[in-house]
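> Just the structure for this:
(2 chains)
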Amino acid sequence: MGKNGLFIAGLAALMASASIASAAPPDDTLVLGISADATTFDPAAISSRDNSNIAKHIFGTLYEVSATGEIVPQMAESYKEAPDGLSYTYKLKPGLTCEDGEAFTAEDAAYSFNRAADPANKFTGNTPGFVYSSIAFKGAEAVSDLEVKVKLGQKNPVSFGLIAEVFMHCKNSYEKMSLQDAATKPVASGPYRLVSWDRGSKIVLEKRQEPATFKTIVWRVIPEASTRTAELMAGNVDIITNVAPDQVETINKSGVAEVKSVAGTRRIYVGFNLRDDFAKTPAGAAIQKTDVRKALQYAIDVPAICKQLLNFECTRATGLVNPPNANPALKPYPYDPDQAEKLLDAAGYPRGADGTRFTIKMQAPRGRYLNDANVALAIGQYLSDVGVKTDVELLEWSSVYVPLISKHDAGPLFLLGSGGATWSALYDMTDLSTPTAGTNYTSWSNPAWFDGWAKIAAAGSAADQRKIIDQMLDVFYNDPPWLMLYFQPDFYGVSKRVAFAPRRDEKVYLFDAKLNK
Amino acid sequence: MWTFIIRRLLQSIIVILGVTAISFVALQIGGDPTYLYVSERATAEEIQQTRVALGFDRPLYEQYFTFVGHLVQGDFGTSLSYKRPALEAVLEALPATIELTLFAMIFAIVLAIPLGVFAALYRGSALDGSIMTMGMLGQSIPSFWLGIMMIMFFGLYLRWLPISGHVPFLVPLLQGHVVEAFSQLPMALYYLVMPGVAVGFYSLSRNARLVRSSMLEVLGQDFVRTARSKGIPEAAVVIHHALRNAWLPVVTMVGLEFGFLLGGVVVVEMIFSWPGIGRLVFNAINQRDIPVVQACVIMLSVIFISLNLLVDLIYVRIDPRVKL
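Predicted coordinates:
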């Protein structure tokens, strides 16, 4: 081979390598770049959103929450709630099948519920750990071939929505499986089946039945945000999750992909810790006063924080409930530092000689929420600008901040995010179900709010219930235990090859994603 | 020789025990790990139940001795996040890291020797200056930055190399699928280029400088002058006389290199989505998955200690002056 031959061979090798390096997925394949691998495919052991997003393509649910927040049928076609609210009977769609070839019947549905609750299995996933404890699950039984009854220990207005989270699986296969096999070799009841799982690298799903647009879905695990961005821009993946805000412009300018942002359901707020022992300190005593807490709402320019620090245009929250379920009569507190100063003066906290009204500590996590440390520092500066000198303390999330929050020891001010939902105002409101609830991190105890729960339980109709909800949200707005901020945005990078609309609730469901013509 | 090996093995056990104790305490003083395994909505009772179930309510020394007791039986515990044996998770990730580390080490050694030799032979020339500038840059550039730059240039701009991912070679080989392993080798190497260079560039630079200085020292010695005066060709003088003697400090460095590279892959594995032990330990530390962190640390310690022992034995082989 002469020099020319060598050159051509080298060029061919280079071109071949270049084609492999930037091979666009085939038309029947959708490739996603996600930040974390699945840890299990046992439907009862799944606990993270990333894991659940993949599993939802493999396992069906009786009902499911739509992108717009309605609870719609999936494997079931209808349901009946018992008059006492202590059971739900679901009627399955006929003709459902499992991946193992068996028919999916009410026996399978009842088994799915009961298996997750079996103490011998020691499951700690979302179903037994959160759903069942919330609904006081008592068991499930097949009433007929196509009817399954789910029994609850107490009436709970959000039970129906929570049951929609429970993955259905097939009794014949799962009864014979070890827990180890169940974790790695799922038997599908949903539209896709698992083809392969290279831990840490990729998960491949293949279409089994409708509804499914793509024949193959590949979930590639790419932990580093900038690498996910590069893969998207190179055309190797179609959709990436968790785009870093500072990469939005780069992606949008690439011409091959764009960033779709959506206000998520996670509520980011600053809590006022109203516990008695905090009230003994000057700053803690100050925030006991409703007027002070209201005044501080005016001191923060939330849209500016969203725009500058999160690269997102947001509307300030009016309370703890996600739109569209929030009270429509309430308007977000505007940024009005003069009003904040007036209210603080009137509340008995004039500026001192050094311009300070009082000094307060604000604790915040570092790295838990989107740009949380900078958001906390900005809020601290806004509060200091109206004379409330704020010392921001940034803490490591898992080992320091979580214990503080869990013991209600954070504060007097603390930055926190709390997961919410689009399908029910009540779901969002259950953070404050009782004055002593574990999630009432502020120890707020306004009776006008907490008495509302009994009224909701006694409400005769949905309209009556809605009225009470709005009254409660009004109480929350006017005696705020939270300094209301925003709903954390989520950023998805989407190749121009595909059409994909992100949802607000962090659920990445690809049943409707399709190729752009 | 055998006395030496047995003595070193006993010392190794003490070192490994020390490693387990330090890493155990370091992870525990970070706070109560129970909160990592309960929902944000968990009640105080649920938190306490979980604490008891996971054994975090027991005194620290008791938790440690229980852990060591299990360790002796080969049980590193169950991963708190993966819900499977920690050792299994580590062993599954180890081959990918060994592939990356070996590639980086071979890259660093194979290029460092000629670069160092030429720099020494042409001392003070433009070639020497260029190689030493590269050496200085290589030791100054952080591997994560180099990795990102390579992704941008070779992956995104030129599109010559894959941006991320991994094609296994060792796993099929260890499973006895020899044909499959070797058929995948070209792709495995292709995916290894960028992460391997990012990991190995620092070592390449350091080794090239080391070879250069070692060569310069040897080239000025009498036996080299004698060899030249006997009319031996320059290539033979350099390879058989000078390089052989300049080789000793390099061997020491290469032995430690593998351990150093193993530790250095953490960030690079994250950047290139390489499913190895570095990424595993990074995630485990973030999630405070104590069994996995312990298993990773102990595994890396065992590898590092074994390599040190191996280097000592090789040293005896290549330098007759060294006696054990």
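> quick one: least confident helix or strand in the chain?
Unless you meant another one, I'm taking chain A. Every helix and strand in chain A was compared by mean pLDDT, DSSP states H and E; the lowest is helix A:3-21, with a mean of 49.
> wait, chain B
Bottom-ranked secondary element of chain B by mean pLDDT, DSSP H and E: helix B:244-271, a mean of 78.
> continuing past it, what's the next helix or strand?
Where DSSP states H and E defines the elements, the next helix or strand beyond helix B:244-271 is helix B:277-286.
> That next one: which residues count as buried?
By neighbour count on 16 or more other Cβ atoms under 10 Å in any protein chain shown, the buried set for helix B:277-286 is B:277-285. The way it works is simple: take the backbone N, C-alpha and C, and place the C-beta from them, glycine included.
> Please apply the same query to stretch B:154-173.
Quick answer for stretch B:154-173 (16+ other Cβ under 10 Å): B:154-156, B:159-173.
> Need the distance between the two termini of that stretch.
Using Cα to Cα, to the nearest Å, the gap from the first to the last residue of stretch B:154-173 comes to 29 Å.
> overlap between the buried residues of helix B:277-286 and the residues near chain A?
Among the buried residues of helix B:277-286, the ones lying near chain A by Cβ under 8 Å from any Cβ of the partner chain are B:279-280, B:283.
> From those, pick the one nearest residue A:401.
Here the nearest of these to residue A:401, counting by Cβ to Cβ, is residue B:283; it sits at 19.0 Å.
> Please name the residues that touch the closest one.
Contacts for residue B:283 (Cβ atoms under 8 Å, 6 or more residues apart in numbering or on different chains) come out as A:223, B:81, B:289.
> Point me to the residue of chain A nearest chain B.
residue A:200 (2.9 Å; Cβ to the nearest Cβ).
> before we move on, the earlier item: Serialize the contacts of residue B:283 to a markdown table and add fields for secondary structure, distance to residue A:416 and neighbour count.
Shown next, in a markdown table, are the contacts of residue B:283 (DSSP: H, G, I helix; E, B strand; the rest coil; distance: Cβ to Cβ, whole Å; neighbours: other Cβ atoms under 10 Å in any protein chain shown):
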| residue | secondary structure | distance to residue A:416 | neighbour count |
| --- | --- | --- | --- |
| A:223 | coil | 25 | 24 |
| B:81 | coil | 23 | 22 |
| B:289 | coil | 24 | 27 |
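> which one in those residues is the model shakiest on?
Ranked by pLDDT, those bottom out at residue B:81, which has 75.
> Following the chain past the biggest strand by length in chain A, name the next helix or strand.
Taking DSSP state E as the criterion, chain A has its longest strand at strand A:257-272. As assigned by DSSP H and E, the chain's next helix or strand after strand A:257-272 is helix A:276-279.
> could you say what helices and strands the helix or strand following that following helix packs with?
Under the assignment DSSP H and E, the closest C-terminal helix or strand after helix A:276-279 is helix A:282-286. Applying 3 or more Cβ pairs under 8 Å, 6 or more residues apart in numbering or on different chains; DSSP states H and E, one finds that helix A:282-286 makes contact with helix A:276-279, strand A:358-366.
> how about the first one as PDB, C-alpha atoms only?
Extracted in PDB, the C-alpha atoms of helix A:276-279 (Å, rounded to 0.1, in the frame of the first residue of the first chain):
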ATOM      1  CA  ASP A 276     -41.700  28.200  71.100                       C
ATOM      2  CA  ASP A 277     -38.000  27.900  71.700                       C
ATOM      3  CA  PHE A 278     -37.300  30.100  68.700                       C
ATOM      4  CA  ALA A 279     -39.800  32.600  70.000                       C
END
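> Tell me which residues of it come out buried.
A:278-279.
> for stretch A:168-183, same thing?
Applying 16+ other Cβ under 10 Å to stretch A:168-183 flags A:168-171, A:173-174, A:177, A:179, A:182-183 as buried.
> what sits up against that stretch?
So stretch A:168-183 is contacted by A:40-43, A:45, A:59-62, A:75, A:98-100, A:102, A:104, A:107-109, A:111-112, A:115, A:121, A:185-187, A:189, B:83-84 (Cβ under 8 Å, 6+ apart).
> which ones are touching residue A:510?
A:30, A:32, A:57, A:213-214, A:217, A:500.
> Restricted to helices, list those residues.
residue A:57 (DSSP state H).
> Looking at the contacts of residue A:510, which gets the smallest pLDDT?
Ranking the contacts of residue A:510 by pLDDT, residue A:213 lands last with 89.
> In this structure it contacts residue A:514, no?
Yes. Here residue A:213 reaches residue A:514: they are 4.9 Å apart, a contact under Cβ atoms under 8 Å.
> okay, these two: which has more neighbours?
residue A:213 (18 against 13; other Cβ atoms under 10 Å in any protein chain shown).
> I'd like the distance between residue B:180 and residue A:234.
Residue B:180 is 28 Å from residue A:234, where distance means Cβ to Cβ, to the nearest Å.
> higher neighbour count, those two?
With neighbours defined as other Cβ under 10 Å, residue B:180 and residue A:234 compare such that residue A:234 has more, 23 against 15.
> tally of neighbours for residue 48?
Unless you meant another one, I'm taking chain A. 14.
> try again with chain B
Residue B:48 has 14 nearby residues by other Cβ under 10 Å.
> Could you look up the SS state of it?
helix (DSSP: H, G, I helix; E, B strand; the rest coil).
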